[in-house]
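K.L.:
The sequence isn't on hand, but the structure is:
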């Protein structure tokens with residue numbers, strides 16, 4: 001299973017549990033709305049952080065592949081020049 005899907009599932013479960021806990025707790029409506037708003041902001045911040053980590057990971061992998069391709073191209077160029085000299 002994709003780790004991104006697992007993280008998303010866990011966050012969705014946490015959000016649902018928190019929302020249900022707040023809705024069924026005995027509190028004034030204004031307090032409940034504030035709590036829901038705060039939880040929503042917290043979850044949004046968590047999702048933004050996870051997305052940033054994902055983008056950083058993708059960026060690192062892209063840079064690594066880019067470097068490997070560049071090294072491979074340089075090696076191919078050297079071999080081509082050597083072969084050209086031999087001919």
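P.N.:
Sure thing, it's come through. Because the structure is predicted, anything quoted here is derived from the model rather than measured. Numbering: from 1, shown residues only.
K.L.:
alpha carbons only for contacts and neighbour counts from here, please
P.N.:
Noted.
K.L.:
ok now do the spatially most central residue of the chain, which residues does it touch?
P.N.:
The centroid of the chain falls nearest to residue 54 when counting by Cα atoms, centre = their mean (2.3 Å). By Cα atoms under 8 Å, 6 or more residues apart in numbering, residue 54 lies in contact with nothing.
K.L.:
what stretches of this structure score poorly on pLDDT?
P.N.:
Low-confidence segments of the chain, defined by pLDDT under 70, are located at 1.
K.L.:
Could I get the full set of strands for it?
P.N.:
Taking DSSP state E to define them, one finds no strands in the chain.
K.L.:
in it, which helix has the most residues?
P.N.:
Counting by DSSP state H, the longest helix found in the chain is helix 29-86.
K.L.:
how much distance is there from that one to the middle of the chain?
P.N.:
8 Å (Cα atoms, centre = their mean, to the nearest Å).
K.L.:
Could you do stretch 14-25 as well?
P.N.:
The answer for stretch 14-25 is 25 Å, by Cα atoms, centre = their mean.
K.L.:
one step back: from residue 76, how far out is the residue nearest to the centre of the chain?
P.N.:
Distance of residue 54 to residue 76, computed by Cα to Cα, to the nearest Å: 33 Å.
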